[in-house]
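> quick one: sequence and predicted model below, then my questions.
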Amino acid sequence: MNIACVSAHPDDIEILCAGTMIKYIRKGHKVTFIIATNGEVGSPTLPNREIAEIRHGEAKTAARIVGADLIWLGFPDEFLFE
């Protein structure tokens, strides 16, 4: 089975359903994490570009650790409507 796990923000998948996705991966299913926004509003202290790069790196690492593919759409945080 192919499973697409879609989230609005970086870290949503890891927090909300990574454990379930790991179970599917261990059973041989293909899992892809799809993250819509780049997470640049995720820190009150770091510049937007820097935090977006950090969040992208974290998402890549998380996908690699659990064995999922990653699709990073890179839309701006807070400005994706409908």
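Done, it's in.
> where does pLDDT dip in the chain?
Across the chain, the ranges flagged by pLDDT under 70 are 82.
> all strands of it, in order?
2-7, 30-37, 69-75 (DSSP state E).
> dump those strands into JSON lines; add distance to K60 and mean neighbour count as well.
Bear in mind the C-beta positions are built from the backbone N, C-alpha and C, glycine included. Shown next, in JSON lines, are the strands of the chain (distance: least, CB to CB, whole Å; neighbours: other CB atoms under 10 Å):
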{"stretch": "strand 2-7", "distance to K60": "14", "mean neighbour count": "14"}
{"stretch": "strand 30-37", "distance to K60": "10", "mean neighbour count": "20"}
{"stretch": "strand 69-75", "distance to K60": "6", "mean neighbour count": "14"}
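> got the ones you listed as JSON lines, with distance to I15 columns?
Listed next are these as JSON lines, based on distance: least, CB to CB, whole Å:
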{"stretch": "strand 2-7", "distance to I15": "9"}
{"stretch": "strand 30-37", "distance to I15": "12"}
{"stretch": "strand 69-75", "distance to I15": "16"}
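> wait, which of those is closest to L16?
strand 2-7 (7.5 Å; CB to CB).
> how far does that closest one sit from the chain's center?
Chain-centre distance of strand 2-7: 10 Å, with CA atoms, centre = their mean, to the nearest Å.
> over to stretch 61-71?
9 Å.
> ditto for stretch 5-20
6 Å.
> in that stretch, which residues are buried?
Across stretch 5-20, burial judged by 16 or more other CB atoms under 10 Å covers C5, S7, H9, P10, D11, D12, I13, E14, A18.
> what residues does the third one make contact with?
With CB atoms under 8 Å, 6 or more residues apart in numbering as the criterion, the residues that contact H9 are I35, A36, T37, G39, G42, D77.
> how far away is the fifth one from A36?
As defined by CB to CB, to the nearest Å, G42 lies at a distance of 14 Å from A36.
> and the helices in this protein, which stretches?
For the chain, the helices defined by DSSP state H occupy 12-16, 18-26, 48-66.
> run the angle between the longest one and strand 69-75 for me.
Calculated by axes from the mean of the first three to the mean of the last three CA atoms, to 10 degrees, helix 48-66 forms an angle of 160 degrees with strand 69-75.
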